[in-house]
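> sequence first, predicted coordinates after that:
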Amino acid sequence: MRKRFSVLILSVATLAACSESPLPTEGAPQAAPSGRALLAELTCKADVAAKRINCAPATPSLARGTAADLIIGGQNTYTTLASTNVVTNGTISLTGDVTVLNLTGQPWATADGATPNANGVRVFFHTPPNNGVTVANADGTGTFTASNQPYFQYAGTDLGADGILASGEQSSSKSWQFTLNGASSFTFQVYVTTQLPDEGGVLLWTPSTVAQAGATENINAIWGASASDIWISGKAGANVLQHWNGASWTSFAGAESVDMVALWGSASSDVYAIGSTKTQRWNGTSWSDVTTSASGALLAIWGSSATDVYACGKTGTLVHSSGGAFTDLASNPLGTEDCAAIWGSSASDVYIGETNVYRWNGTSWSTISAGITGVRAIWGSSSSDVWIGGTSGNVVHYNGSSWSAPIAVGSSDVAAIWGTSTSDVYLVNRAGSIWHFNGSNWVRYRNPADSYVGVWGSSRTDVWVVGADAAFVNNRVVHGTR
């Protein structure tokens, strides 16, 4: 699908000299792309004598539900259009070299992150120049928000050798020419349209500041009850448990003597944190210890309800709570195997594993031939949509009848998987990559010099990723939004 970014031209300022190029023939009108995200409009004003173009946000001129069914963005938010070498020939013409910068977390001009879209990135004139000014050298005209709208197209090597404009990448420049017809100033509005892997999903990843008292700290896990009720856990110390209230993070006293490695809750007033052989529970007011018979260090926790909670860990540790203490599970299938992940769709459909994968059907445990070992993460949207991630980026999927062959999503160990549906799944790994599955393809969104170990969100456009920097010295929390 294609997405329209209300983009907004030229925060351009200034200008050097550039020679005018011949005018290409405009192409035939193009069909409108299917995606319609006209983000924010900018009104731009050109001052010919000053050789300057200034832009500012304007009230959207399109009614929501028509071509503007999704409003996001603006200049220097999702994209920057920058001009250089702006020159004028009296009141005859104005010319400038314009580049497009991708400031979103997704690659542009591709549906799968690997195959370039031939149309590339198009910048079209939503409102044409006034005062008799015309666009002199458009690459073509098309139907976007109206018919016969001129556009400039950045495609192929304009977007780099791969024909895709990656997150943070700037296109090569194109010469934009305006015939002034005697005008000394003029205004216009432009938008950007391009193909995205997930046009309805997260566009921006923004660091969130959390407390760090120790010289070395990192976040291990995240879980939330809502967008304004989120917990993270980390390294032993005063900031081992922190809470997001929708505006800021606050440290809470809890199991300060041990690293807390996993979180799960059934409600905002019923949240568990585990680490080593210690388990704590939040009752809506404070954290307190929960008795557990766990003999090995706990690594994962999940429940179908407040009265059906599992935790597992090292050397065959598997315990269960019916709302009180955690006790050893008599039917434990692990033997002495470690258990690094738990997830279930219901009380009678629970997966656990590390060396092998086991499933509880409500009566007994059985070994699952999922084709993967070294399990690190399990998540699904239902009993017929289950993902398992392991070492070296290996991932398998269950569709309700069979398991897929393993595929490599990156090359680093998978750390966590979470999503909202079959076509909206996030995966993070220790190489600092954020991957997204759009129902057809896994696409990498972000790859900074960090190490991510947890992901959770309240919706498709509210996603949190946690971990540490590459040296595992400083906390990292990143918030994905539109």
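Okay, I see it.

> hey, let's count contacts and neighbours off CA atoms from now on
Fine.

> what segments of the stretch 1-150 of the chain are strands?
Taking DSSP state E, counting those that start in this stretch, the strands of the stretch 1-150 of the chain run over residues 2-5, 41-47, 52-58, 79-89, 93-102, 121-127, 134-135, 140-142, 149-154.

> and the fourth one, what other elements does it pack with?
Put plainly, it is strand 79-89. strand 93-102 (3 or more C-alpha pairs under 8 Å, 6 or more residues apart in numbering; DSSP states H and E).

> which residues of this structure score low on pLDDT?
Judged by pLDDT under 70, the chain has its weakly predicted residues at 1-43, 53-76, 213-215, 255, 446-448.

> what bridges to Gly480?
Gly480 forms beta bridges with Trp205, Val463, as assigned by DSSP bridges.

> neighbours of it, how many?
Neighbourhood size, Gly480 [other C-alpha atoms under 10 Å]: 19.

> hmm, it is touching Thr206, no?
Yes. Gly480 is in contact with Thr206 according to C-alpha atoms under 8 Å; the separation is 6.4 Å.

> name the SS class of Gly197, please.
For the record, residue 197 is Pro, not Gly. coil (DSSP: H, G, I helix; E, B strand; the rest coil).

> who are the contact partners of it?
Applying C-alpha atoms under 8 Å, 6 or more residues apart in numbering, we find Pro197 in contact with Met1, Gln106, Pro107, Trp108, Thr110, Ala111, Asp112, Gly113, Asn438, Val443.

> which non-adjacent residue is nearest the fifth one?
Nearest residue to Thr110, sequence neighbours excluded (C-alpha to C-alpha, 6 or more residues apart in numbering): Pro116, at 4.8 Å.

> picking up where we left off before, buried members of the contacts of Pro197 into ChimeraX, please.
Of those, the buried ones can be selected in ChimeraX as follows, counting by 16 or more other C-alpha atoms under 10 Å:
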select :106,107,108,110,111,112,113,438,443
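
> contact partners for Trp249?
Each residue near Trp249 by C-alpha under 8 Å, 6+ apart is listed here: Thr209, Val210, Ala211, Gln242, His243.

> from those, which land in strands?
Gln242, His243 (DSSP state E).

> in a markdown table, list the contacts of Trp249 along with neighbour count and distance to Ser269.
Supplementary listing: these in a markdown table, determined by neighbours: other C-alpha atoms under 10 Å; distance: C-alpha to C-alpha, whole Å:
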| residue | neighbour count | distance to Ser269 |
| --- | --- | --- |
| Thr209 | 12 | 24 |
| Val210 | 19 | 22 |
| Ala211 | 15 | 23 |
| Gln242 | 22 | 15 |
| His243 | 21 | 13 |
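
> Ser286: neighbour count?
Per other C-alpha under 10 Å, the neighbour tally for Ser286 reads 12.

> at the geometric centre of the chain, which residue sits there?
The residue lying closest to the centre of the chain (C-alpha atoms, centre = their mean) is Val202, at 4.5 Å.

> sorry, back to before: hey, what's in contact with both of Gly480 and Thr206?
Both Gly480 and Thr206 lack any common contact, where contact means C-alpha under 8 Å, 6+ apart.

> how far does the helix or strand hosting Val428 sit from its chain's centre?
With the criterion set as DSSP states H and E, the secondary-structure element containing Val428 is strand 424-429. If you compare the mean C-alpha spot of strand 424-429 with that of the full chain, they lie 8 Å apart, counting by C-alpha atoms, centre = their mean, to the nearest Å.
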